[in-house]
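K.L.:
Show me the folded form of this:
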Amino acid sequence: MTSKRHTMARHSDPGLQPERTTLAWSRTLLALGVIGATLLRWTQVHGATNVLVVLAILVFVAAIYATQKWRYSQSSIGISEEFLCANAGSVFLLGIGTSIVAIVAILFIWI
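P.N.:
Alright, predicted model coming up:
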């Protein structure tokens with residue numbers, strides 16, 4: 001039985017750069033999920049607004065999860081072909097999204 005993992009592009013990076021990058025994205029995904037779950041604590045105080053924020057965080061987390069395999073594949077192919085471009089768009093969107101989540105969480109705690 002062949003798993004999907006074996007069908008991805010192979011690379012010869014001894015430092016396993018694509019794996020480290022995937023782990024970093026996974027840690028961010030986990031942290032955002034924990035923040036979303038923690039915000040549920042203030043649902044009684046903030047009502048429907050809080051539920052909408054938590055749903056937005058879950059959509060953001062789902063988008064990160066859905067693109068994980070693509071980012072790993074692009075990194076592996078780039079290393080194999082010795083031409084790898086930084087994915088600045090994803091990093092920028094992650095930074096903006098994480099900043100928005102942080103600001104909303106601080107506002108919820110502060111109010």
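K.L.:
so residue 84, which of the three states?
P.N.:
coil (DSSP: H, G, I helix; E, B strand; the rest coil).
K.L.:
Low-confidence ranges, this structure, go.
P.N.:
Counting by pLDDT under 70, the ranges of the chain that qualify are 1-18.
K.L.:
Recalculate using a threshold of 90.
P.N.:
The chain contains residues with pLDDT under 90 at 1-29, 32-33, 35-54, 60, 63-91, 93-94, 97-98, 100-102, 104-111.
K.L.:
Quick check: buried residues in stretch 65-76?
P.N.:
By neighbour count with 16 or more other Cβ atoms under 10 Å, stretch 65-76 contains the buried residues 71, 72, 74, 75, 76. From N, CA and C alone the C-beta is placed, and that goes for glycine too.
K.L.:
Over to stretch 89-99?
P.N.:
For stretch 89-99, by 16+ other Cβ under 10 Å, it's 90, 94, 97.
K.L.:
Is the second one part of a helix or strand, or is it coil?
P.N.:
This means residue 94. Under three-state DSSP, residue 94 comes out as helix.
K.L.:
what about the closest residue to it other than its chain neighbours, distance to residue 77?
P.N.:
Of all residues not flanking residue 94 in the chain, residue 28 sits nearest, at 6.7 Å (Cβ to Cβ, 6 or more residues apart in numbering). Separation of residue 28 from residue 77 (Cβ to Cβ, to the nearest Å): 23 Å.
K.L.:
which stretches of this protein form helices?
P.N.:
17-39, 43-46, 48-66, 68-80, 88-110 (DSSP state H).
K.L.:
okay, the ones you listed, which one's buried deepest?
P.N.:
Mean neighbour count, computed with mean count of other Cβ atoms under 10 Å, is highest for helix 68-80 among the helices of the chain, reaching a mean of 16.
K.L.:
And the closest residue to residue 38 other than its chain neighbours, how close does it get to residue 90?
P.N.:
Leaving aside its sequence neighbours, residue 38 sits nearest to residue 105 (Cβ to Cβ, 6+ apart; 7.8 Å). Per Cβ to Cβ, residue 105 is found 22 Å from residue 90.
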